[in-house]
Each structure stands twice: as structure tokens, then as C-alpha cells.
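Visitor: okay, sequence plus prediction incoming.
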Amino acid sequence: MATSFSEMCARLRTAAGERLRAIAATAPVRNLTARLRALRASTTGRIGPRVSPAYGKFHAWYAKREPRERLLLRLLAGFLAALILYNLVYVPFSGLGGDIADRVAARQQELIDVRAQMRTYERLKLELAATERRTVPGKDFSLFSIIEQALTRTIGRDRIGSITPSDRPVPGGFQQYTVDLKLTALSLTQIVDTLYGVQTLLMPVTVSNLHIRQTAPGSRAYDVDLTCMALARNE
């Protein structure tokens, strides 16, 4: 078994060597090798004469040092080399990894934000559809008349202190109709009847504001400030 494994490794090495030699024999690789050799020769020719004297002096100085001093110099050189590698290789690559992680985290947060915006859009679309279903006819519509008739039937015209209509356009192509009411000296039963009468109108009218206070201290009668609202789509 051991012999077979050794033979297989030898065959693999032989095959790999032949493959590498075949690659090295190709024209592009030969051209690249020639260029690299020319570049090394040119660089050595320019820098060698300048470096050689200094290197020779340093080598002579180093050879005169005691073994302990040479050991300290080698340790210092190793420390400097490790420091240079740390600052020139490790720190840039570690920062690159952190930068990639930051970009990935930013993209993930953007995806989360987009999904949240999509959910918000779907919710608003449903709310808009529900609002459109709860609109009143915009043409010849009078919320004033509807509320006045409803209150006259439930509590009587004499309990209506004032009734003030208004309308204004709102975003989305709607017209908002409001009626501000001041009702006087109502019992609790009449307040309930009033709210029930508004909520059960055939038109989709809502109570947007309600304020109740006693007519007098200790009294069982109450004054009510009430605002009714309806939306109509502009024709």
C-alpha cells in the first residue's frame, strides 16, 4: 500500500512537472519571463552600483560584531520586518475586510428600510381604499342639513346652541366637510342618543371631536361641543 501511494505521488509530481514545463514553453509565458528578466537586469544595473558599496560596508561592520550583538541585530531586523508587514499588509487588508463588512451591513439596512417602506405603502393603500369607500357624494352635499335634521329628531331643535359648517380641500383629491356643534343642557341619555344617531346615519359621517362638561356644578345636565366630519371625492 505504501509503495503504491509513493508511486502515485511520484506520478503526480511527474505529471505536474510536465504540465508546468508545457505552460512555461508557451509563447506568452516565455515573453513574460523575458520581460521580467530584462526588468530585473535593468533595475539591478541602475540600483546595484549605488547599493553595493553601502551593503559591503554594512556587511563588513556586521562581520566584526560579536555573536551576541549579531543576534540582537537579527532580532531587531526581524522586529522591524514584522512591524513593516503589519502596517503595510495586515492593517490595510483588515481595514478592507471591515469596510466590506460595513458596506454589507449598510446594504442590509437599506433592504430592511425598503421592506418597511413597502409594508407602509401597502398599509396606506388599504387605508386609502377604505377611505374612498367611506366618502359621501361630493355634488350638492350638505353635511349641515343632514346633522341638523338628525339632531332635531333625537334631541330637538331647542337643544342646538349653534351649528357652524365649513369645508376645505384635503390631499388626495378629497373635500372635507365639518360641522361644529354646541349642544346645551343634555342628559346623559340624550348624549348617547346623539352619538348613536350620528354614527347610524346612511352617510359615512364620523365624530372627530367631543367635549362634555356640566352645565352647572352638581347639575345632571351637560353642555356638549361636538364636531362631525365627512369626506367627499372632488368630482
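Guide: Nice, thanks for sending it over.

Visitor: which parts of the chain belong to which domain?
Guide: Split into domains by automatic domain parsing, the chain comes to 2-63, 65-133, 137-233.

Visitor: mind putting those domains into CSV with mean pLDDT and mean neighbour count?
Guide: Bear in mind the C-beta positions are built from the backbone N, C-alpha and C, glycine included. Shown next, in CSV, are the domains of the chain (pLDDT from 0 to 100; neighbours: other C-beta atoms under 10 Å):
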stretch, mean pLDDT, mean neighbour count
domain 2-63, 70, 10
domain 65-133, 77, 10
domain 137-233, 87, 15
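
Visitor: mind checking the SS state of Pro204?
Guide: Judged by DSSP: H, G, I helix; E, B strand; the rest coil, the three-state class of Pro204 is coil.

Visitor: let me know whether it touches Phe141 as I believe.
Guide: No. Pro204 lies out of contact with Phe141 (C-beta atoms under 8 Å); the separation is 11.5 Å.

Visitor: helix or strand right after the helix or strand encompassing Ala60?
Guide: Using DSSP states H and E, Ala60 maps to helix 27-63. Next helix or strand after helix 27-63 toward the C-terminus (DSSP H and E): helix 67-85.

Visitor: contacts for that following helix next, please.
Guide: By C-beta atoms under 8 Å, 6 or more residues apart in numbering, the residues outside helix 67-85 that reach it are 62, 65.

Visitor: need the contact list for Ala185.
Guide: 159, 215, 221-223.

Visitor: who does the host helix or strand of it pair up with?
Guide: Here Ala185 sits within strand 174-186, counting by DSSP H and E. According to DSSP bridges, strand 174-186 forms sheet pairs with strand 160-170 (antiparallel), strand 222-233 (antiparallel).

Visitor: and the longest one, how far out from the chain's middle?
Guide: Here strand 222-233 is found 40 Å from its chain centre; the criterion is C-alpha atoms, centre = their mean, to the nearest Å.

Visitor: what is the end-to-end distance of stretch 145-163?
Guide: With C-alpha to C-alpha, to the nearest Å applied, stretch 145-163 spans 10 Å between its terminal residues.

Visitor: ok, residues contacting that stretch?
Guide: 144, 179-186, 190, 193-194, 197-198, 201, 203, 205, 223, 228.

Visitor: from His59, how far out is Ala129?
Guide: Distance of Ala129 to His59, computed by C-beta to C-beta, to the nearest Å: 88 Å.

Visitor: repeat that for Gln190.
Guide: Applying C-beta to C-beta to Gln190 and His59 gives a distance of 113 Å.

Visitor: do the same with Val198
Guide: Taking C-beta to C-beta, one finds Val198 at 104 Å from His59.

Visitor: and Pro204, by the same measure?
Guide: Using C-beta to C-beta, Pro204 is found at 99 Å from His59.

Visitor: picking that back up, what touches both of Pro204 and Phe141?
Guide: With contacts taken as C-beta under 8 Å, 6+ apart, Pro204 and Phe141 have Ala230 as neighbours in common.
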